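J.: Sequence first, predicted model second:
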Amino acid sequence: MSLEEAKELDSKYPAYKSKFNIPTFQSLGIQNEKFSNDTESIYLCGNSLGLMPKQTSKAINDELNAWSMRGVESHFNHPNEELTNWVDIDLPLIPLLTPLVGAQINEIAIMGSLTSNLNSLLTHFYKPQNKRTKILFEKQAFPSDYYAFLNIVKLNGYDESHLIQIDIPKGETYLSTDLILSTIDKNIDEIALVCLPGIQYYTGQFFDISSITQHAKSKNPEIIVGWDLAHAVGNVPLKLHDWGVDFATWCSYKYLNSGPGAIAGIFVNSKYTENNSSSNYKPRLAGWWGNNREERFKMLEKFDPIASALSYRQSNPSVIDCVALKSSLDLFNEIGGIEPLREKSIKLTSFLEKLLTSNKFYIPQDSVDDSKFGFKILTPLNSNERGCQLSILFQPHKDTKEENVMEKVFKYLHDHAIICDERRPDVIRLAPLPLYNTFEETYRASQRLFEALELIEKDYTN
């Protein structure tokens, strides 16, 4: 793989960098005499926080102006007739988001934050009965998910023995679908709920959502299957309704580029809400924004849930968050949705993979020698089993930060404005995004990584 090949691929697959604000050496506070201050960084960290679309500033300022000009009246009488009254600020986002997750229009709500939504949905869907009391999830789950699962079983009077965690077998780097399915089979009589990540945050593995969901349901239709899609929405195509998923939640500040800590979203299968009424609904954590819109401001002591996922909303959403998210969703819509982005993403990540695996420091995934100098790729090498992220494990490990290979590589990359993130003790995650990353950038980032290893190797051999 060469720079010329990268440029040729860039001529075939467009990037939309011009629509985003790209940090520079100067804005990042990085001084490197080999680069001018206005040189753009190579931002490979959209899996942690997406870049800001240029149009987001105007979208937010429009609402700040409305607040300034009309205050509370903007809820029902926005000063800009082309913009949405605040009382309905989240509703225009739903038709933009439903194609990205493969949902019906009544299965999506923009609300809350990732973990608060997960806790809310667990409270609603985790209903242990008789022997079926356990939650099945992965051993390497993001800590927030583990805390949520642990506490929901404790709130129901159980202990951690009612958590079933699937661990990556020794000598492997990610969970196989067969292992997940066999674990479901082994515990089928005790499982109340299955909840896994669409894409695993650490390894970058894209789980087979369809097969896992349908397998659990075929074994016992009463098992609830939910998904944490924090790293999947805006990254890979999803078909939550068609796959028969019960519920899902996600954040929007990663691949949806809505800003740090921005508003999240949920999916609830329509079978749970289509017959909602004041006399027919399953109790949930509730608030007035989930109540019948026509009755909401009458302040009645009667919960009449909307016949959609909107019934799970508790409070009115942040106006600023909603318009920031919409500014990004408008871009997805403008370029044709997730499918063309996924096509480029597969090519882009495969390009990076080939660069890495052809390097002399590459160590195959099945190697058990953790003393060898170099790196492994933890992420599946099958492009259908991953999103845009490759997780790279550097070795050998040293306990001191100053000596550890990963820490040294990470510092070298940062000194050259290659923006990625580390997951201690030894992993760097690289995520070339099809929205704003190019093949040439990916090539140059890999060369900086190889340069770092060349320099570090000298320290290990001298």
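T.: Ah, there it is.
J.: helix, strand or coil for the most centrally placed residue in the chain?
T.: In the chain, the centroid-proximal residue (Cα atoms, centre = their mean) is H231; its distance is 2.0 Å. Taken by DSSP: H, G, I helix; E, B strand; the rest coil, the conformation at H231 corresponds to coil.
J.: Could you check how far it is from F207?
T.: As judged by Cβ to Cβ, to the nearest Å, H231 and F207 stand 10 Å apart. Every C-beta, even on glycine, is put in place using the N, C-alpha and C of the backbone.
J.: Overlap in contacts, those two.
T.: Shared between the contact lists of H231 and F207 (criterion: Cβ atoms under 8 Å, 6 or more residues apart in numbering) are residues 197-200.
J.: And the furthest pair within those?
T.: Taking Cβ to Cβ as the measure, the shared contacts of H231 and F207 span a maximum distance of 8.6 Å, between G198 and Q200.
J.: Give me the common contacts of those two.
T.: Listed as contacting both G198 and Q200 by Cβ under 8 Å, 6+ apart are 207, 231.
J.: Show me which of those two is the more surrounded one.
T.: When G198 is set against Q200 and neighbours are counted by other Cβ atoms under 10 Å, the residue ahead is Q200, at 28 against 24.
J.: so who does the more buried one touch?
T.: Applying Cβ under 8 Å, 6+ apart to Q200 gives the contacts 138, 140, 174-175, 207, 231.
J.: Just put those residues in JSON lines and tack on secondary structure, pLDDT and distance to P14.
T.: Shown next, in JSON lines, are the contacts of Q200 (DSSP: H, G, I helix; E, B strand; the rest coil; pLDDT from 0 to 100; distance: Cβ to Cβ, whole Å):
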{"residue": "E138", "secondary structure": "strand", "pLDDT": "97", "distance to P14": "36"}
{"residue": "Q140", "secondary structure": "coil", "pLDDT": "92", "distance to P14": "35"}
{"residue": "Y174", "secondary structure": "coil", "pLDDT": "95", "distance to P14": "31"}
{"residue": "L175", "secondary structure": "coil", "pLDDT": "96", "distance to P14": "35"}
{"residue": "F207", "secondary structure": "coil", "pLDDT": "98", "distance to P14": "29"}
{"residue": "H231", "secondary structure": "coil", "pLDDT": "98", "distance to P14": "24"}
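J.: Most neighbours of all those residues, which one?
T.: H231 (28 neighbours).
J.: My understanding was that that one contacts G198; is that so?
T.: Yes: contact between H231 and G198 holds when scored by Cβ atoms under 8 Å: they sit 6.7 Å apart.
J.: circling back: got the confidence number for the closest residue to the residue nearest to the centre of the chain other than its chain neighbours?
T.: What sits nearest to H231 in space, not counting adjacent residues and going by Cβ to Cβ, 6 or more residues apart in numbering, is I199, at 3.9 Å. Per-residue pLDDT puts I199 at 98.
J.: I199: neighbouring residues, count only.
T.: Taking other Cβ under 10 Å as the criterion, the count of residues near I199 is 28.
J.: do you know how far it is from L356?
T.: Computed with Cβ to Cβ, the distance linking I199 and L356 is 19 Å.
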